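Chemist: My questions are about this predicted structure, shown below with the sequence.
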Amino acid sequence: MPDTIATPDEFTERWVAPPNFRISPDFGLFQFELPPALEVLDAIRQDDEVRVTILGDLDPDLRSARTRAFRHAPVEDIAAWPFRLVHFHLARLYDGPLRGFHEQVMIPWRTFLSAHGFTWHRCAPALFISGPGGSSTYHSDQSHGLVWQVEGVKTFHSYLDPDQVLSAEAAIKGETTAEIPPLHDAATVQSVRMEPGDLLWSHILTPHWVTSESALSMSINLSHGGLCHHGHYADREVTVREHWDNNPDQAWLTDVRNTRY
Ligand SMILES: [Fe+2]
């Protein structure tokens, strides 16, 4: 069972190195009620910024038929398909299904970070919705993530000691990415069951994968690039910044531009 942090001092102590940790709901970071996942799905599925992957062992014709129908078929039908959807530009929804999100989530969270000595280059929300069996790939992100399970149940798997599994350099090169995780010793894995309202801090450039335990699931990830406390970056962030120094053409190719999720 991962430990849970409940105070700003514990957050300031723990953010800098893996493993991931839960953040207690008593922390009182923000309060916001999203519409039901089905309603959000229906409202955003035609947005140009939505990225959808139809999952399952389907024949190619059915897969492309579902991909075409995703925007127009009855939303209840879509919700029964195995799929995953991500939206990285939530500000487009602030006058729609996410009205109030900026004021009630982003401002309090950024205020919390700032009040406790943090600076950052990027702090942006992403929305994930998945259908039954909508597991994620095995991957790592070039950002710290505050993962907020909004609806449904998922399990977030990562490693207790990521250094033993994948170096930061290998993570930067994308050596993590695969549809499923490699064979591993279960004792090395940290699996966190996420129920609605649960919060998890996911450390930058550490390999992870998410499995779904419910029909429809919705989560939000506040992703952070260049997070820094009193001038100090996390070790894996230092590695990515050194990588950018050596490869300036790749700089700022954040996970927003990559399609891995
Ligand atoms: Fe991720």
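Modeler: Noted; the coordinates are in hand.
Chemist: from here on, contacts and neighbour counts on C-alpha atoms
Modeler: Will do.
Chemist: How confident is the prediction for residue 1, by pLDDT?
Modeler: At residue 1, the pLDDT value in this model is 46.
Chemist: three-state assignment of the residue lying closest to residue 45 once chain neighbours are set aside?
Modeler: Sequence neighbours aside, residue 71 is the residue nearest to residue 45 in space, at 5.5 Å (criterion: C-alpha to C-alpha, 6 or more residues apart in numbering). The local conformation at residue 71, judged by DSSP: H, G, I helix; E, B strand; the rest coil, is coil.
Chemist: Quick one: low-confidence residue ranges for the stretch 151-261 of the chain.
Modeler: By pLDDT under 70, the low-scoring segments of the stretch 151-261 of the chain are 253-261.
Chemist: what about 90?
Modeler: 171-186, 212-214, 240, 244, 247-261 (pLDDT under 90).
Chemist: ditto for the stretch 1-150 of the chain
Modeler: 1-3, 25-30, 56-58, 122, 133-137, 142.
Chemist: All the helices of it, residue numbers only.
Modeler: When assigned using DSSP state H, counting those that start in this stretch, the helices of the stretch 1-150 of the chain occupy the ranges 8-14, 37-44, 60-69, 75-79, 101, 107-115.
Chemist: Of all these, which one is nearest residue 30?
Modeler: Checking these against residue 30 by C-alpha to C-alpha gives helix 107-115 as the closest, at 6.2 Å.
Chemist: and that closest one, which residues are buried?
Modeler: Neighbour counts over helix 107-115 (16 or more other C-alpha atoms under 10 Å) mark 108, 109, 110, 113 as buried.
Chemist: Residue 172 versus the third one, what's the distance?
Modeler: Distance of residue 110 to residue 172, computed by C-alpha to C-alpha, to the nearest Å: 26 Å.
Chemist: Helices of the stretch 151-261 of the chain, start to end?
Modeler: 168-172, 235-246.
Chemist: Serialize those helices to TSV and add fields for distance to residue 212.
Modeler: Listed next are these as TSV, based on distance: least, C-alpha to C-alpha, whole Å:
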stretch	distance to residue 212
helix 168-172	24
helix 235-246	28
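Chemist: just those: most buried one?
Modeler: Stretch with highest mean neighbour count among the helices of the stretch 151-261 of the chain: helix 168-172 (a mean of 18; mean count of other C-alpha atoms under 10 Å).
Chemist: Please work out which residues outside that helix touch it.
Modeler: 140, 142, 176, 205, 206, 207, 236, 239, 240 (C-alpha atoms under 8 Å, 6 or more residues apart in numbering).
Chemist: Repeat the analysis, applying 7 Å as the threshold.
Modeler: Residues from elsewhere that reach helix 168-172, judged by C-alpha atoms under 7 Å, 6 or more residues apart in numbering: 140, 205, 236, 239, 240.
Chemist: what's the answer for stretch 230-246, then?
Modeler: 16, 17, 117, 118, 168, 169, 172, 204, 205, 227, 250, 251.
Chemist: just the buried members of those?
Modeler: 16, 118, 168, 172, 204, 205, 227.
Chemist: what sits against the second one?
Modeler: The reference is to residue 118. Taking C-alpha under 7 Å, 6+ apart, we find residue 118 in contact with 227, 228, 229, 230.
Chemist: do that again at 10 Å, thanks
Modeler: 12, 110, 111, 112, 226, 227, 228, 229, 230, 231, 232, 233 (C-alpha atoms under 10 Å, 6 or more residues apart in numbering).
Chemist: for those residues, which one is nearest residue 67?
Modeler: Closest to residue 67, out of all of the contacts of residue 118 and judged by C-alpha to C-alpha, is residue 226, at 35.5 Å.
Chemist: Could you count how many residues lie near that closest one?
Modeler: Other residues within reach of residue 226, judged by other C-alpha atoms under 10 Å, total 21.
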